[in-house]
Structures are given as structure tokens and as C-alpha cells.
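K.L.:
Below: sequence and its predicted model.
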Amino acid sequence: MHAIQEKPIIYVYVKNGLDKDKYVDLLWGIEEEGIPFEVIEEDGADCKQLANQASKASQFSVGIGIDKNHIALHYERLSPYDPLFIIEFNSHALVLRELGETAARLVKKVPFKYVHLH
């Protein structure tokens with residue numbers, strides 16, 4: 001696990017070797033809401049573990065984990081294996097963007113505007 005940095009950011013922990021083009025819409029969703037993020041490649045772990053680790057490393061307490069099958073959005077106060085949302089890795093670009101926006105809105109403590117996540 002990486003040390004917490006001074007600058008508050010959302011960590012996106014990604015299983016090594018995954019193509020960024022397949023989840024870039026998620027990153028755009030975070031960026032559109034004006035919240036900084038950092039993508040870090042990790043070994044082992046599934047998306048739930050990655051998301052939990054990312055949320056613990058983030059001063060925002062919000063983290064995203066991506067493995068070859070799923071993407072999880074986690075909030076540090078939740079149970080380690082019970083993320084807020086979990087979607088399929090190959091989800092439509094709109095769903096990925098909405099998950100990114102939801103992560104950023106969780107940080108900003110404003111209502112979610114998702115349509116396709118439920």
C-alpha cells in the first residue's frame with residue numbers, strides 16, 4: 001500500500017496491465033467534477049480490496065479499485081468488502097463516467113446524479 005500524500009486526491013488503484021483506454025471515461029467523470037485523482041497500478045487483489053485500500057490512502061476517504069472484471073467505488077467508513085458501487089469493467093462509457101462523477105460528488109458531499117448505476 002502507498003503512503004498517504006499531502007495533497008487530497010481520489011486514488012484509483014488499478015490491477016497491473018489493464019488498458020487505460022477501457023476506463024478513461026471514469027477518470028473524465030472525476031475530472032469534470034473538479035476533484036484531483038491519481039491512478040496507481042497494483043499487483044494482486046480484486047477490485048473490492050483495491051477500492052478499500054485506495055479509500056484508506058485518500059484524505060478524501062474515497063477510493064476506486066479496478067480489476068479485469070469489475071470496478072468498485074468505496075468509502076472508507078464502509079465495510080472493507082462492501083463497496084458503495086460495483087460495476088462491470090466493460091460497462092458503457094456513460095456508466096463509467098457516472099461512476100467517476102459519483103466518486104467526486106461523494107467527496108464534495110453533494111447529491112449523486114447517477115442514472116445508470118442502480
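P.N.:
Thanks, I have the structure now. Numbering: from 1, shown residues only.
K.L.:
Could you use CA atoms for every contact and neighbour count after this?
P.N.:
OK.
K.L.:
residues of stretch 39-46 that come out buried?
P.N.:
42, 46 (16 or more other C-alpha atoms under 10 Å).
K.L.:
centre of the chain versus it, how much separation?
P.N.:
Mean-position distance between stretch 39-46 and its chain equals 12 Å (C-alpha atoms, centre = their mean, to the nearest Å).
K.L.:
what's in contact with that stretch?
P.N.:
By C-alpha atoms under 8 Å, 6 or more residues apart in numbering, the residues outside stretch 39-46 that reach it are 11-17, 65-67.
K.L.:
one more time with 10 Å, if that's ok
P.N.:
1-2, 10-18, 20, 27, 50-51, 53-54, 64-72 (C-alpha atoms under 10 Å, 6 or more residues apart in numbering).
K.L.:
Contacts only, for Ile9.
P.N.:
Taking C-alpha under 10 Å, 6+ apart, we find Ile9 in contact with 35-38, 55, 57-63, 104, 107.
K.L.:
With Trp28 instead?
P.N.:
Taking C-alpha under 10 Å, 6+ apart, we find Trp28 in contact with 34, 96-98, 100-101.
K.L.:
okay, now Lys113: neighbour count?
P.N.:
Neighbours of Lys113 under the rule other C-alpha atoms under 10 Å: 12.
K.L.:
ok, it touching Thr102?
P.N.:
Yes. Counting by C-alpha atoms under 10 Å, Lys113 does reach Thr102; the two are 7.3 Å apart.
K.L.:
which residues are common contacts for these two?
P.N.:
Between them, Lys113 and Thr102 share no contacting residue under C-alpha under 10 Å, 6+ apart.
K.L.:
State the distance from Ile30 to His70.
P.N.:
From Ile30 across to His70, the span is 18 Å (C-alpha to C-alpha, to the nearest Å).
K.L.:
Looking at those two, which one has more neighbours?
P.N.:
Neighbours around Ile30 and His70, counted as other C-alpha under 10 Å, are more numerous at Ile30. The numbers are 22 against 16.
K.L.:
Just say helix, strand or coil for the residue most central in space within the chain.
P.N.:
With distances taken as C-alpha atoms, centre = their mean, the chain has Ile64 as the residue nearest its mean C-alpha position (2.1 Å). Secondary structure assignment for Ile64 (DSSP: H, G, I helix; E, B strand; the rest coil): strand.
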